[in-house]
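*Asks:* sequence unavailable; structure follows:
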């Protein structure tokens, strides 16, 4: 389980850059791994600060993204993995934009919302933006993707 934040300001989305599975950089939402016993609310605030330099106030719960990756054991991948990602809305309350050093990301930047589709990004960015735009009352998008094989591109 991992919480992430959608921070939109002046028509721009705050993203962090992370090396993808093949080493190609890809844009991700700030957020990520919870420490044992940590509350997701505290995790997302800590992770945003670590990855971007900003402090945020959590202003809402946008939804939950559950995804399942089914791997092919013949290529050395996990047989089955399920991830649960909590998507919060966050408002910048302080700090200054900076890049994470020695962490899971190496760069942070604001991107125009219209430019996001052209970025190399993980699927969660699109899911989170849809939750932010549509704000389904149940916190779940109507069309959920089918599990994909981990050895597919």
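*Replies:* Okay, I see it. Every value quoted in this text rests on a predicted model; they were computed, and no experiment measured them.

*Asks:* once you drop chain neighbours, what's closest to the residue nearest the centre of the chain?
*Replies:* Centroid check for the chain by CA atoms, centre = their mean gives residue 29 as the closest residue, at 3.3 Å. Residue nearest to residue 29 in three dimensions, not counting chain neighbours: residue 4, with 4.1 Å by CB to CB, 6 or more residues apart in numbering. In short, each C-beta sits where N, CA and C put it, glycine included.

*Asks:* which SSE is immediately downstream of the helix or strand encompassing the one you found?
*Replies:* Residue 4 is part of strand 2-6 when elements are defined by DSSP states H and E. Sequence-wise, the next helix or strand downstream of strand 2-6 (DSSP H and E) is strand 8-9.

*Asks:* please state the offset of that following strand from the chain centre?
*Replies:* 15 Å (CA atoms, centre = their mean, to the nearest Å).

*Asks:* how about residues contacting stretch 101-119?
*Replies:* For stretch 101-119, the surrounding residues in contact (CB atoms under 8 Å, 6 or more residues apart in numbering) are 8-9, 11-19, 25, 27-28, 30, 32-33, 50-53, 97-100, 125-126, 129.

*Asks:* show me where the chain has helices.
*Replies:* Secondary structure of the chain (DSSP state H): helices located at 40-52, 123-134.

*Asks:* what residues of the first one count as buried?
*Replies:* In terms of neighbour count (16 or more other CB atoms under 10 Å), helix 40-52 has its buried residues at 40, 43-52.
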